[in-house]
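Novice: Got a predicted structure plus its sequence, pasted below:
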Amino acid sequence: MKNTIVLILLLSLPLIFPGKTAAVEASPGTTFPADTLPGADAPLYAEPYRPQYHFSPVKGWIGDPCGFVHYQGKYHMFWWGKVESEDLVHYKEITPYAMTGQPEGISYFTGSVAIDRNNTSGWGANTWVAAYTLFNRDSKKQSQGISFSNDGKTFHYYDGNPVIDLWSTEFRDPTLFWHAPTARWIMVVAKALEKKVKFYASTDLKQWTWLSDFGPAGAQDRAWECPDLFQVSVDGNPQHKKWVLVVSIDWAKEQYFVGDFDGTAFRLVEGHPSHPLYVDHGLDFYASRTFRDYDNTLSAPVSIGWVATWDYAQQAPSTWGKGFWSIPREYALKSYPEGLRLVQAPIRRLESLRYDPVVVKHTLPVGVHTLPQFMPRENVYELDVTFSTETSNTFGFNLCVGEGRKVTISYNTDSRYLVIDRTHCSAEPIEKFARMTFAEVTPVNGQIRMHIYVDRSSIELFTNEGKEVFTLLTYPSETQTGVEVFALKKGTSMDFKAWKLKSIWK
């Protein structure tokens, strides 16, 4: 079974071409007060494939999350447009384009935002400072620049830019944060094709000193991008924390490293594996960011990623624009026999969207069957299902079923592999979209839990304690809403819970 899965996956791997960048220039958008978009037949936020509880902008492209800040009781998020949220369930788009004053021929790539509480920059206490990659459209050079804002909505270009410049075409995606033990700012930047993360320090956000490099390590086939570095509690103990470095790789995935950061260098924990540890085992999760908590009220790091892969991101069959972000996830580190591993959980506040609950408990018959208790009319729902694993079996779900298409999620108790097959799912012809993915998932107390969020054109699956997570795009037709359960043998019990989920836009 294991060898067969590996062979299938190798045959379905995409071709990825070096030189592709992970950020697209943000374009000024337009806010539409009316309830429809120009040229669109469907009402605003009801367009085909528009997610109903994930954030997507009213119009235009959205790519890598940038500048995630928790400040003054709100979550502030940028893609160089801006959106705010009080609960990370409902969103208010503030401005379609926040950056001003850049020279001709310069574009903004991925970056981050910090709050300069103590006026280290000279622009005033509590100034918002954005750090980002400056892309020169003529020379293709990538360097790091900053802009400042007094209101967090409009950012003014610093005339001393760039603040860090290696004269490189592959140097991008800074993360900026204050390191209290050394009383200075830290900037973490990817040297993409060298598969390195570079660390810099500054006391004023304008003059920067190189500190150290980390890498290559783990997966290092093509490129590293969008680094993020943050502290995470270990085994629920807020007094015991480690640093986690997340790096987006190969324009398609994210890997993470667990270690210590002393304000100068990042070092792996003892016994860290040489093989890559993936943040998400799905097909479409990239460039995630964690919120910098300037209110000091968050109990755990919260992350959101871009639900896309560069092979087909620009082919998305959506009318309002391209792209959306994942549901927010809380991070923790948990000890396992093989070492510390990152675990993820969807934020609990999403439960406020639930309605029409369904509970089913039974032993699965052989074959494929529907559940008459849960037959949603649209792909906007949540499943929380636990299967027993004591009996040798292969079981799982068919989701987005209809018109001869489906997404299959199957688990084999003998190989312990969970396989997701969306080869025949999309109602739209998208090049390189037909793929499979898999990961080994170890049962916990003789059970496998599948916590699944389905939203119009995506699926997010959290297994067991969130050690293995899978995110993928789907693009089913509006009539592909079937839900099926299957088993190859007798003897597997199922505890099934499901809810329809309200739209956050209505």
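Specialist: Received it, and whenever you're ready, just let me know what you need.
Novice: Quick check: closest non-adjacent residue to residue 423.
Specialist: residue 434 (4.6 Å; CB to CB, 6 or more residues apart in numbering). C-beta coordinates here come from the backbone N, C-alpha and C atoms, glycine included.
Novice: What separation do you get for the one you found and residue 496?
Specialist: Distance of residue 434 to residue 496, given as CB to CB, to the nearest Å: 29 Å.
Novice: mind listing the helices for the chain?
Specialist: Under the criterion DSSP state H, the chain contains helices at 2-12.
Novice: mind listing what's buried in the longest strand along the chain?
Specialist: Criterion DSSP state E: the longest strand present in the chain is strand 237-249. Going by neighbour count (16 or more other CB atoms under 10 Å), the buried part of strand 237-249 is 243, 244, 245, 246, 247, 248, 249.
Novice: Rounded mean pLDDT for it, please.
Specialist: Averaging pLDDT along strand 237-249 yields 97.
Novice: Are there helices or strands packed against it, and which ones?
Specialist: The contact analysis (3 or more CB pairs under 8 Å, 6 or more residues apart in numbering; DSSP states H and E) places strand 237-249 against strand 224-234, strand 253-261, strand 286-290, strand 329-336.
Novice: Is it possible to get JSON lines of these that adds distance to residue 100?
Specialist: Converted to JSON lines, the helices and strands packed on strand 237-249 look like this (distance: least, CB to CB, whole Å):
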{"stretch": "strand 224-234", "distance to residue 100": "24"}
{"stretch": "strand 253-261", "distance to residue 100": "31"}
{"stretch": "strand 286-290", "distance to residue 100": "22"}
{"stretch": "strand 329-336", "distance to residue 100": "32"}
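Novice: So which residue is smack in the middle of this structure?
Specialist: Geometric centre of the chain, nearest residue: residue 305, 1.9 Å, by CA atoms, centre = their mean.
Novice: Residue 324 is in contact with that residue, correct?
Specialist: No: using CB atoms under 8 Å, residue 305 is not in contact with residue 324; the gap is 10.5 Å.
Novice: Can you pull the domain assignment for this structure?
Specialist: Domain segmentation of the chain under automatic domain parsing yields 60-346, 350-501.
Novice: picking that back up, neighbours around the residue nearest to residue 423, how many?
Specialist: When neighbours are counted by other CB atoms under 10 Å, residue 434 registers 14.
Novice: wait, isn't it in contact with residue 428?
Specialist: No: taking contacts as CB under 8 Å, residue 434 lies outside contact range of residue 428: 11.6 Å.
Novice: before we move on, the earlier item: quick one: the residue nearest to residue 423 and residue 410, what's the gap?
Specialist: In terms of CB to CB, residue 434 sits 17 Å off from residue 410.
Novice: Ok, residue 402 next?
Specialist: From residue 402 across to residue 410, the span is 19 Å (CB to CB).
Novice: of the two, who's got more company?
Specialist: residue 410 (18 against 14).
Novice: give me the beta-bridge partners of the nearest residue to the more buried one once chain neighbours are set aside?
Specialist: Nearest non-adjacent residue to residue 410, counting by CB to CB, 6+ apart: residue 396, 3.8 Å away. Bridge pairing for residue 396 (DSSP bridges) gives the partners residue 410, residue 486.
Novice: and if you look at residue 290?
Specialist: residue 303.
Novice: What separation do you get for the closest residue to residue 210 other than its chain neighbours and residue 430?
Specialist: Excluding the flanking residues, the one nearest residue 210 by CB to CB, 6+ apart is residue 200, at 5.6 Å. Residue 200 sits 39 Å away from residue 430, going by CB to CB.
Novice: Same question for residue 387.
Specialist: Counting by CB to CB, the gap from residue 387 to residue 430 is 31 Å.
Novice: higher neighbour count, the two?
Specialist: Between residue 387 and residue 430, counted using other CB under 10 Å, the more crowded position is residue 387 (24 against 15).
Novice: quick one: that one and residue 409 touch, right?
Specialist: No: between residue 387 and residue 409 there is no contact under CB under 8 Å: 11.1 Å.
Novice: Now do stretch 494-505: everything it contacts.
Specialist: Residues from elsewhere that reach stretch 494-505, judged by CB atoms under 8 Å, 6 or more residues apart in numbering: 44-46, 52-53, 89-91, 350, 353-364, 371, 374, 376, 380-388, 395, 453, 455, 485.
Novice: repeat that for 6 Å
Specialist: With contact meaning CB atoms under 6 Å, 6 or more residues apart in numbering, stretch 494-505 is reached by 45, 52-53, 90, 353-361, 364, 374, 376, 380-387.
Novice: quick one: average confidence on that stretch?
Specialist: 98.
Novice: Which positions in it come out as buried?
Specialist: For stretch 494-505, burial by neighbour count (16+ other CB under 10 Å) applies to 494, 496, 497, 498, 499, 500, 501, 503, 504, 505.
Novice: swap in stretch 189-198?
Specialist: The neighbour-count check on stretch 189-198 (16+ other CB under 10 Å) flags 189, 190, 191, 192, 194, 195, 196, 197, 198 as buried.
Novice: swap in stretch 144-155?
Specialist: For stretch 144-155, a neighbour-count test (16+ other CB under 10 Å) marks 144, 145, 146, 147, 148, 149, 152, 154, 155 as buried.
Novice: In space, what's closest to the fourth one - neighbours in sequence excluded?
Specialist: To tie it back to what came earlier, the one meant is residue 147. residue 155 (3.8 Å).
Novice: just checking, the one you found touches residue 98?
Specialist: Yes: between residue 155 and residue 98 there is a contact at 5.3 Å, judged by CB atoms under 6 Å.
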